[in-house]
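S.K.: how would this look folded up:
(2 chains)
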Number of protein chains: 2
Amino acid sequence: MRIEIVVIGNELLDGSRVDQNTAYIAARLTEIGAEVVRSVVVPDDPRRIEEALKSALLSADAVVSTGGLGVTTDDRTKQVAARLVGARLALDERVLARVRERFEARGVPMPQVNVSQAMVPAGARVIDNDHGTAPGLLIEKEGVPLFVLPGVPVEMKAMIDGYVVPFLEGRGLRRLSAVRLVRTTGIPESRVAELVEPVAPALVRTELAYLPSRAGVDLKIVTKAATLEEAVRIAEESAERIAERLEPYVYARGDQTIEEVLGYLLTMSGKTVAVAESCTGGRVGWRITRVAGSSAYFLGGVIAYSNALKVSLLGVRDATLSAYGAVSEETAREMALGVRSRAGSDYGLAVTGIAGPDGGTPEKPVGLVYVAAAGSEVRIRRLRFLGGRDAVREHAAQAALELLRRSLLGIAEE
Amino acid sequence: MRIEIVVIGNELLDGSRVDQNTAYIAARLTEIGAEVVRSVVVPDDPRRIEEALKSALLSADAVVSTGGLGVTTDDRTKQVAARLVGARLALDERVLARVRERFEARGVPMPQVNVSQAMVPAGARVIDNDHGTAPGLLIEKEGVPLFVLPGVPVEMKAMIDGYVVPFLEGRGLRRLSAVRLVRTTGIPESRVAELVEPVAPALVRTELAYLPSRAGVDLKIVTKAATLEEAVRIAEESAERIAERLEPYVYARGDQTIEEVLGYLLTMSGKTVAVAESCTGGRVGWRITRVAGSSAYFLGGVIAYSNALKVSLLGVRDATLSAYGAVSEETAREMALGVRSRAGSDYGLAVTGIAGPDGGTPEKPVGLVYVAAAGSEVRIRRLRFLGGRDAVREHAAQAALELLRRSLLGIAEE
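M.R.: Sure thing, here's the model as predicted:
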């Protein structure tokens, strides 16, 4: 089944906003075996919306549009869609009652302008909106379903998951493909490719994609088969073969983040951790605490951005700072040991580095980072990252989390 | 001048990646007065690439494509573009030398497969790539320029800024429109609209857009005029009128983040700050240190996720925690005062709250947050945020930064 997506909104074509909707819709529909063959972004211009919807309806087996369902004069999608199927807009009392209820729940009378949201093309089915006032619509044109959804991501996502996917599954679309992710960190993409290539030809019915980001290189494994069970089995075998080649750089076989993996490992082992951050300024703590329930194993820590706080809050010795500098193996070690002792945690995790753009020297260039994890032993890694201040700091936080993962698992450093 | 964008890549249509390129290109071209009328995402399929490029070349005054210039067999854009103009690919020795040099600089011999990157359609102009190996191309078809750019954002951006924009300016495209941003925080979009609407009709040649995000509501003001000077003058007048209506919620008139504004205010006043974070887990520190040079005014702080660390590292009294709880005005006050005193900073900035999903009670529901700023006086705000753990934590960090901004400026709390 070939799907086209039509995304509507001026804000996406003047650079004000990035279109996040296409990726979400594409992911969900790819999962059930559909193929997204095109996504078109057009402005809030009835002529361009009509052109895009017409062209999509002619060439695809189903069309999903998002955007242009609000109450401002810029929002034209519904009128265009009605015209395309030759239907009139008529007031739907049930929809009107729902819109009015939403306002009443907030203690606000419904503005008159919102009545337009209850106007529905004759013959269209209404997709209820549990997160906003604009209902979605399902309109069919010569057997091709057109899903007209709002552009607000939370509203659109609920309709994709709750209506569009089940509808297409009801039309016989079934999940005959499986996706597995093998997530690595600390290894460059070219090296990942070298390690994977020898086994790739032997992976049957498997498509491989390399997805590099600041968190590392993900391998996406997509398999297709005659049954879902078969596709899943093949995907798991392929993931296994690939993961074996990439140890010890694999931190997850699935879509978990490294902080989620750490949450699991710390919970299972009953251990706690505290952080001491210099160049990352709080990012390691922020990431660890993205996981709900992290208070069970994360105690907190110190953002020791200045040298004075490294001394007063972490107990780093003045002599260490003056002999080796703030960005050194010795300081990283004392930061990790210091925060572990002051927080009374099982592990202390430290980062110190030069994020730039200033502060680099020939001996200690911008991008030099030390990470240290103090548990039953102290592990320290010296790293060098490129790509500017943000990139260096994100890579540094990821490297710290990875060092903790390896410490918890007792993986030997190479 | 009407522009179409063609974005090429399977990874954008199976949900692996969000297309960030369209927004960047659209922003830069809108700035110089071009109108982006469509952006199409297609897979690495020569037939679909050809169809998209053909259709764009027929209806637009200029076309920009990104993606599909790598050396893997999936990358087909160049072949398709050559076919479209009836040109053959021929080896360009200068490009080959550049590609080889890039490998040599990294101490790696050039793989044979990279020779394909030096194949250029006859008659095309080469756009040098300073960040990677795939050159960009400028091909003209019946007077319509087609810019064929790589999909890697850093490479694409350098070519847009260094080649495409100057080229289009050379074709008479001039910046006759001006953009200004008025950024607010701590005020809902509906209230922003109520305040702005009475003055909006009086703003000549001004288009207004509301851009809500977790940082607050931005107003984007776009003006067009016969000259750039005129457009800029009108935009500034409009921004001024709008900002007046929205005081004291306006933290920037431009694209600065609140942490950049704080960097300016702290530097100008010669003051320093330290943070004490509970539910935000380090996000406030991370955001402050995103600004290069923040070490001049940011000393660091404490991530006091556990109550024990609130006591041991910040000096919050046990009695306060047991009488009022960790999420209370009193604890927020002691956290802010504690970190200010221990870090020896001029300001102490604290956040404590219930991020959820668990831990809420009827009296203290999920989303309840206290922020405190201790300077010459202590300011405390009680807030309630909705939208899940991530949203609550991001809103809380923004509210803390905003409280510090108001403290530094002596803006009275409403």
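
S.K.: Test my guess that A:Leu53 contacts A:Ala82.
M.R.: No - taking CB atoms under 8 Å as the definition, A:Leu53 is not a contact partner of A:Ala82, at 11.2 Å. Quick note: C-beta positions are derived from backbone N, CA and C, even for glycine.

S.K.: Of the two, which one has the most company?
M.R.: A:Leu53 (26 against 22; other CB atoms under 10 Å in any protein chain shown).

S.K.: Check which helix or strand that one maps to.
M.R.: If you go by DSSP states H and E, A:Leu53 is part of helix A:46-59.

S.K.: what does the average pLDDT come to for that helix?
M.R.: The average of the pLDDT scores along helix A:46-59 is 94.

S.K.: residues making contact with it?
M.R.: A:2, A:4-6, A:8, A:37-38, A:40, A:42, A:63, A:65, A:68, A:76-77, A:79-81, A:83-84, A:141-142, A:144, A:146, B:37-38 (CB atoms under 8 Å, 6 or more residues apart in numbering or on different chains).

S.K.: element containing A:Leu309?
M.R.: helix A:307-314.

S.K.: do whichever helix or strand comes after that helix and chain B meet?
M.R.: Going down the chain from helix A:307-314, the next helix or strand is helix A:318-324, by DSSP H and E. No - judged by CB under 8 Å from any CB of the partner chain, helix A:318-324 stays clear of chain B, getting no closer than 14.2 Å.

S.K.: In the stretch 51-200 of chain A, what residue comes closest to chain B?
M.R.: A:Ala52 (7.6 Å; CB to the nearest CB).

S.K.: what's the neighbour count on that residue?
M.R.: Using other CB under 10 Å, A:Ala52 has 25 neighbouring residues.

S.K.: next one: phi and psi at A:Arg17?
M.R.: phi -140, psi 150 (degrees, to the nearest 10).

S.K.: ok, now which ones touch the residue nearest to it when sequence neighbours are not counted?
M.R.: Counting by CB to CB, 6 or more residues apart in numbering or on different chains, A:Arg17 lies nearest to A:Glu11, which is 4.4 Å off, once chain neighbours are set aside. Counting by CB under 8 Å, 6+ apart, A:Glu11 touches A:Arg17, B:Ala209, B:Leu211.

S.K.: can you pull out the helices in the stretch 201-350 of chain A?
M.R.: Taking DSSP state H, counting those that start in this stretch to define them, one finds helices in the stretch 201-350 of chain A at A:228-246, A:258-269, A:283-288, A:307-314, A:318-324, A:329-343.

S.K.: most packed of the ones you listed?
M.R.: helix A:283-288 (a mean of 29; mean count of other CB atoms under 10 Å in any protein chain shown).

S.K.: Write out the residues of the stretch 151-300 of chain A neighbouring chain B.
M.R.: When proximity is defined by CB under 8 Å from any CB, the stretch 151-300 of chain A lies next to chain B at A:209, A:211, A:220, A:222, A:274-275, A:277-286, A:288-290, A:292-295, A:298-300.

S.K.: pLDDT on stretch A:398-414, on average?
M.R.: The pLDDT scores in stretch A:398-414 average 93.

S.K.: If you could redo that for stretch A:262-277, that was the one I meant.
M.R.: Mean pLDDT, computed over stretch A:262-277, is 98.

S.K.: And that stretch, end to end?
M.R.: Start-to-end span of stretch A:262-277 (CA to CA, to the nearest Å) is 18 Å.

S.K.: Likewise for stretch A:70-82?
M.R.: Stretch A:70-82 has an end-to-end distance of 16 Å (criterion: CA to CA).

S.K.: looking at chain A, which residue ends up farthest from its center?
M.R.: What lies farthest from the middle of chain A is A:Ala319; by CA atoms, centre = their mean that is 43.5 Å.

S.K.: So that residue versus A:Val311, what's the distance?
M.R.: With distances taken as CB to CB, to the nearest Å, A:Ala319 is found 10 Å from A:Val311.

S.K.: Same check on A:Gln117?
M.R.: Counting by CB to CB - A:Gln117 and A:Val311 are separated by 61 Å.

S.K.: Name the single longest helix found in chain A.
M.R.: helix A:389-409 (DSSP state H).

S.K.: angle of that one against helix A:329-343?
M.R.: Interaxial angle, helix A:389-409 versus helix A:329-343 (axes from the mean of the first three to the mean of the last three CA atoms, to 10 degrees): 60 degrees.

S.K.: Same question for the helix holding A:Leu53: list its buried residues.
M.R.: Buried positions in helix A:46-59, judged by neighbour count with 16 or more other CB atoms under 10 Å in any protein chain shown: A:Arg48, A:Ile49, A:Glu50, A:Glu51, A:Ala52, A:Leu53, A:Ser55, A:Ala56, A:Leu57.

S.K.: for stretch A:96-115, same thing?
M.R.: For stretch A:96-115, by 16+ other CB under 10 Å, it's A:Leu96, A:Arg98, A:Val99, A:Arg100, A:Arg102, A:Met110, A:Asn114.

S.K.: These in helices, which ones?
M.R.: Using DSSP H, those in helices are A:Leu96, A:Arg98, A:Val99, A:Arg100, A:Arg102.

S.K.: Isn't the last one up against A:Thr133?
M.R.: Yes - because the distance of 5.6 Å satisfies CB under 8 Å, A:Arg102 is recorded as touching A:Thr133.

S.K.: The helix holding A:Leu309 packs against which elements?
M.R.: In terms of contacts (3 or more CB pairs under 8 Å, 6 or more residues apart in numbering or on different chains; DSSP states H and E), helix A:307-314 is packed against strand A:298-303, helix A:318-324, helix A:329-343, strand B:298-303, helix B:329-343.

S.K.: one step back: out of the buried residues of stretch A:96-115, which comes closest to A:Pro248?
M.R.: For these, the closest approach to A:Pro248 (CB to CB) belongs to A:Arg102, at 51.7 Å.

S.K.: That closest one and B:Asp19: what is the separation?
M.R.: Relative to B:Asp19, and taking CB to CB, A:Arg102 is found at 32 Å.

S.K.: quick one, domains of chain A?
M.R.: In terms of domains, chain A is parsed into A:2-170, A:177-252, A:258-409 (source: automatic domain parsing).

S.K.: Would you list the phi and psi of the residue nearest to A:Val126 when sequence neighbours are not counted?
M.R.: In space, and not counting its chain neighbours, A:Val126 is closest to A:Pro135: 4.9 Å by CB to CB, 6+ apart. Per-residue torsions, A:Pro135: phi -70, psi 160 (degrees, to the nearest 10).

S.K.: what does A:Thr227 give?
M.R.: phi -130, psi 160.

S.K.: Now for it: which residues touch it?
M.R.: Neighbouring residues of A:Thr227 by CB under 8 Å, 6+ apart: A:Leu176.

S.K.: separation between it and chain B?
M.R.: According to CB to the nearest CB, to the nearest Å, A:Thr227 stands 21 Å off from chain B.

S.K.: ok, now A:Ala355?
M.R.: From A:Ala355 across to chain B, the span is 8 Å (CB to the nearest CB).

S.K.: Helix or strand: which one has that residue?
M.R.: Here A:Ala355 is assigned to no helix or strand, by DSSP H and E.

S.K.: Verify the stated contact: it with A:Glu394.
M.R.: No - using CB under 8 Å, A:Ala355 makes no contact with A:Glu394, being 9.9 Å away.

S.K.: Those two: who's more crowded?
M.R.: Shown here are A:Ala355 and A:Glu394; by other CB under 10 Å, A:Ala355 has more neighbours (30 against 19).

S.K.: check contacts around that one.
M.R.: Per CB under 8 Å, 6+ apart, neighbours of A:Ala355: A:Cys279, A:Val366, A:Gly367, A:Arg389, A:Val392, A:Arg393, A:Ala396, B:Thr289.

S.K.: redo that, cut-off 7 Å
M.R.: Counting by CB atoms under 7 Å, 6 or more residues apart in numbering or on different chains, A:Ala355 makes contact with A:Cys279, A:Arg389, A:Val392, A:Arg393.

S.K.: And A:Met1, by the same measure?
M.R.: A:Ala34, A:Glu35, A:Asp61, A:Ala62, A:Leu173.

S.K.: go again using 10 Å as the cut-off
M.R.: Shown in contact with A:Met1 (CB atoms under 10 Å, 6 or more residues apart in numbering or on different chains): A:29, A:32-37, A:60-62, A:168, A:171-173.
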